[in-house]
Each structure stands twice: as structure tokens, then as C-alpha cells.
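Trainee: structural data only, the sequence is not supplied:
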């Protein structure tokens with residue numbers, strides 16, 4: 001990605017975005033013991049509020065005993081939020097640093113109960129402004145990267161991970177619209193927001209984490225979920241995208257039959273680790 005001086009620290013940057021499964025929810029007692037720690041050289045970008053005016057800060061990714069896989073700080077807010085969780089980051093951060101001997105930085109925004117088809121600020125689409133993607137790009141991604149540059153970090157931007165919840169397979173129409181909506185917010189709007197940092201950022205690989213099989217969830221229809229997954233496969237086949245299949249973790253649910261359990265989060269983290277150089 002270019003020349004760098006030996007006195008500039010080289011760091012890996014990944015973006016982690018999506019819905020409730022990207023939160024990384026799980027029961028603390030299921031989290032493997034080695035990961036219940038402050039992970040040296042794993043960092044996550046924090047802001048005190050969902051606001052464009054307050055200053056964010058990079059902080060060490062640290063496990064915090066609570067009801068879920070909540071870390072200290074909780075992402076993306078510094079205040080305690082029970083649904084701001086870090087299952088995949090705790091696994092991926094620890095394993096990446098151990099395997100690569102290199103710092104890793106996460107800019108994360110996993111929001112449970114959101115969707116990409118709606119018309120409010122709690123959707124990732126842009127019917128009302130500022131929606132989640134606008135806020136993520138302008139309030140988190142751009143200032144976080146600028147802070148790394150100002151701190152003289154040489155950034156290896158390794159990829160974006162998107163993990164779907166189940167809000168977009170609640171109806172046939174929403175599931176059918178997923179492909180077009182995801183292409184708009186990820187391939188067009190997210191890349192446009194990254195383009196200010198150059199081609200290597202704009203054209204980064206975006207990994208689509210395939211949704212689990214929601215057939216066990218009584219409030220969801222299997223056919224709608226199948227439609228959504230067809231859309232995920234189609235987006236994953238686009239240039240600078242890749243589909244990460246659910247073969248390994250499919251069916252690895254918490255008791256709610258909705259969110260991925262610790263074993264599933266560890267598999268997802270391993271799958272992601274294999275994509276990082």
C-alpha cells in the first residue's frame with residue numbers, strides 16, 4: 001500500500017458493522033477464559049454519545065464481567081449499554097495480535113433491532129438524515145482514521161465486515177429488497193465515505209457474513225430468510241465483496257434462537273482472521 005518509515009507503527013484497521021449479530025451477544029460464562037482480559041494492542045474507537053459534535057477516542061479492547069460479552073469500553077459508546085457487545089472482536093482481536101504480532105484497530109457499529117429498509121434514523125438507509133450509515137461514516141469512521149493518521153500510524157486497511165440481523169427477513173418484500181438496499185449503503189455510500197482516504201480505502205474488500213438459518217425462529221418465515229440469503233450471495237459476488245458462508249456456525253444459537261452463541265462467535269472470528277493478512 002506504499003512506503004512507510006521504520007519509525008512509523010504499522011497497524012491493521014477493520015470496520016465491523018451491521019445489526020444484532022454484529023453486536024456479538026452472548027453469555028459471559030460461555031466466553032473462553034483466555035479472552036476475558038484487556039487485549040494489549042487491540043483497540044476500539046469510542047464516542048460518549050451518538051453525536052457528530054463530541055470527540056471520539058481510541059481505547060484498549062477489554063473484557064468486562066457483565067450479563068453478556070460486554071467489554072470495557074462498550075462499543076460504540078463509552079457509557080454502559082447492555083446491547084453494545086464484542087463477542088467477535090474479543091476473539092478476533094486476541095487471536096490476531098497473537099498470530100500477527102501487530103496491533104489491530106476496530107471501528108464498530110453493531111445496532112440491534114435496526115434494518116436497511118426503513119424510513120427513520122434507526123435504519124441504515126437514508127430516508128431520514130442522519131441515518132445510521134451517515135452517522136457511522138461521518139461521526140466514527142472518518143474521524144477515527146484521521147486520528148490514526150495524526151498519531152503517525154501506517155494503516156493497513158484490511159476490510160469491512162457486515163453481519164445481518166433478522167429485521168430484513170420479516171416480510172417477503174423486505175427480503176426481496178435486501179440486495180438493492182445493501183448494494184446502495186455498502187457499495188455506494190460506504191465506499192464514497194471512504195474515498196477521501198484514497199483508492200485503497202474506497203476499494204477495500206467488504207465481507208458479507210451470511211445469515212444463519214432462521215427456520216427455528218417462530219417469528220420468521222424460512223422462505224423470506226432464503227430470499228435474503230440469495231441477495232447476500234449476489235452482493236458477495238460483486239467486485240471487492242466476498243460472502244463468508246454460515247456453514248460452520250449455522251445453528252450455533254443462544255437460548256433465544258436468534259443470536260449466535262460463544263462457539264459461533266469464535267468460528268466467525270476465526271473465519272475473519274483467515275481473511276486478514
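Mentor: Perfect, I can see it now. Just so it is clear, the model here is predicted, and its values are computed rather than measured.
Trainee: in the chain, mark out all the helices, start to finish.
Mentor: 20-23, 87-100, 132-135, 142-150, 172-182, 191-194, 199-202, 222-236, 262-273 (DSSP state H).
Trainee: now mean neighbour count too, for the ones you listed, in CSV please.
Mentor: C-beta coordinates here come from the backbone N, C-alpha and C atoms, glycine included. Formatted as CSV, those follow (neighbours: other C-beta atoms under 10 Å):
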stretch, mean neighbour count
helix 20-23, 26
helix 87-100, 23
helix 132-135, 21
helix 142-150, 16
helix 172-182, 18
helix 191-194, 17
helix 199-202, 14
helix 222-236, 19
helix 262-273, 22
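Trainee: for burial, what's the neighbour tally of residue 152?
Mentor: 11 (other C-beta atoms under 10 Å).
Trainee: do you know how far it is from residue 60?
Mentor: 19 Å (C-beta to C-beta, to the nearest Å).
Trainee: and stretch 234-243, how far out from the chain middle?
Mentor: 17 Å (C-alpha atoms, centre = their mean, to the nearest Å).
Trainee: who's in contact with the residue nearest to residue 201 when sequence neighbours are not counted?
Mentor: Computed as C-beta to C-beta, 6 or more residues apart in numbering, the closest residue to residue 201 that is not its neighbour in sequence is residue 194, at 4.2 Å. Contacts for residue 194 (C-beta atoms under 8 Å, 6 or more residues apart in numbering) come out as 137, 141, 201, 202, 204.
Trainee: kindly report the same for residue 230.
Mentor: Residues in contact with residue 230, defined by C-beta under 8 Å, 6+ apart, are residue 179.
Trainee: hmm, residue 25 is touching residue 255, no?
Mentor: No: here residue 25 does not reach residue 255: they are 11.3 Å apart, not a contact under C-beta atoms under 8 Å.
Trainee: between the two, point out the one with more neighbours.
Mentor: The neighbour comparison of residue 25 against residue 255 (other C-beta under 10 Å) goes to residue 25, with 26 against 8.
Trainee: separation between that one and residue 34?
Mentor: Applying C-beta to C-beta to residue 25 and residue 34 gives a distance of 20 Å.
Trainee: check residue 46 too.
Mentor: Computed as C-beta to C-beta, the residue 46 to residue 34 distance reads 24 Å.
Trainee: neighbour count winner among the two?
Mentor: Using other C-beta under 10 Å, the more surrounded residue of residue 46 and residue 34 is residue 46, with 20 against 11.
Trainee: from the contact counts, what lies against the least confident helix or strand in the chain by mean pLDDT?
Mentor: Least confident helix or strand of the chain, by mean pLDDT, DSSP states H and E, is helix 20-23 with a mean of 83. Applying 3 or more C-beta pairs under 8 Å, 6 or more residues apart in numbering; DSSP states H and E, we find helix 20-23 packed against strand 104-110, strand 153-163.
Trainee: next, the angle strand 153-163 makes with the first one.
Mentor: Going back to what we said before, that points to strand 104-110. Interaxial angle, strand 104-110 versus strand 153-163 (axes from the mean of the first three to the mean of the last three C-alpha atoms, to 10 degrees): 30 degrees.
Trainee: low-confidence ranges in the stretch 1-150 of the chain?
Mentor: 1-7, 65-85, 127-128 (pLDDT under 70).
Trainee: can you give me the strands in it?
Mentor: If DSSP state E, counting those that start in this stretch is used as the criterion, the strands of the stretch 1-150 of the chain fall at 9-18, 38-46, 57-62, 104-110.
Trainee: those: which one's closest to residue 169?
Mentor: Nearest to residue 169 among the strands of the stretch 1-150 of the chain is strand 9-18 (14.0 Å), distances taken as C-beta to C-beta.
Trainee: show me what that closest one is in contact with.
Mentor: Contacts of strand 9-18 (C-beta under 8 Å, 6+ apart): 4, 22, 88-89, 96, 100, 102-111, 136, 141, 145, 148, 152-165, 209, 272, 276.
Trainee: show the buried residues in the residues you listed.
Mentor: 22, 88-89, 96, 103-111, 136, 141, 145, 148, 153, 155-165, 209, 272, 276 (16 or more other C-beta atoms under 10 Å).
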